[in-house]
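Student: Pasting the sequence and the predicted model now:
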Amino acid sequence: MKNCFRKNRGKDPWQIAAARYCVAHAEKAFTVEELKKYIKSLYEVDDRFIEQFYSEEIFKPAGREHSRGFLTKKDGKGGNINFWVPPLDLVSKITDYDELKEARKNAKQAFWLSIIAIIISAITLIISIFK
C-alpha cells in the first residue's frame with residue numbers, strides 16, 4: 001500500500017480524481033465501467049476500491065435512506081446500460097478539497113513572507129543600534 005502513495009505523490013488522491021470525473025461527466029452520465037477505466041488509466045487502484053467509492057458516493061451516498069436511481073439507455077445490442085449522474089455532494093467535496101489545497105499553499109507563502117519580514121526588521125534594528 002505504501003508504494004501506491006509514493007507513485008501518486010504530487011497527484012490528487014484517486015478519490016478526488018474519481019469525483020472530478022463524475023462531476024465532469026454529469027451532463028452525459030457515465031457507467032461504473034467508464035469510471036473504473038478512467039481511474040485505472042491514472043492510478044493503480046483495485047476494482048474493489050473503485051466499486052466501494054461508487055457505492056458510497058454515487059449509488060447510496062451518506063445521509064440517504066434509499067439508493068439513487070439511474071438512467072437506462074439501449075446499448076444497440078438489444079440490452080440496456082445503466083448510466084449514473086453524480087449527486088451534488090461530490091461538487092462540494094471537490095470544492096472543499098481545492099480550497100484546502102489553496103489555503104495550505106497560502107499558509108506556506110505567509111510563513112516565508114513573515115520570516116523574511118522578521119529578518120528585514122532584525123537587520124534594520126541592528127543597523128539602527130550601530131549608527
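Tutor: That came in fine, so what should we check first? Residues are numbered from 1 along each chain as shown.

Student: where's F49, which helix or strand?
Tutor: Of the helices and strands defined by DSSP states H and E, F49 is found in helix 47-53.

Student: OK, contacts around the residue nearest the centre of the chain?
Tutor: Closest to where the C-alpha atoms of the chain average out (Cα atoms, centre = their mean) is I16, at 1.9 Å. Taking Cβ atoms under 8 Å, 6 or more residues apart in numbering, we find I16 in contact with 93-94, 97. (Glycine included, C-beta is placed from N, CA and C.)

Student: cool, I50 as well?
Tutor: Here I50 is in contact with 18, 32, 35-36, 39-40 (Cβ under 8 Å, 6+ apart).

Student: Could you tell me the per-residue confidence at S41?
Tutor: Listed pLDDT for S41 reads 91.

Student: Check which helix or strand it maps to.
Tutor: Here S41 sits within helix 32-42, counting by DSSP H and E.

Student: swap in A107?
Tutor: helix 89-130.

Student: helices or strands up against that helix?
Tutor: On a contact count with 3 or more Cβ pairs under 8 Å, 6 or more residues apart in numbering; DSSP states H and E, helix 89-130 meets helix 14-24.

Student: list the buried ones in the helix it packs on?
Tutor: Across helix 14-24, burial judged by 16 or more other Cβ atoms under 10 Å covers 14-23.

Student: Okay, now the unreliable bits of the chain?
Tutor: Low-confidence segments of the chain, defined by pLDDT under 70: 1-10, 63-71, 74-76, 78, 81-84.

Student: quick one: I16 from I39, how far?
Tutor: For I16, the distance to I39 equals 11 Å [Cβ to Cβ, to the nearest Å].
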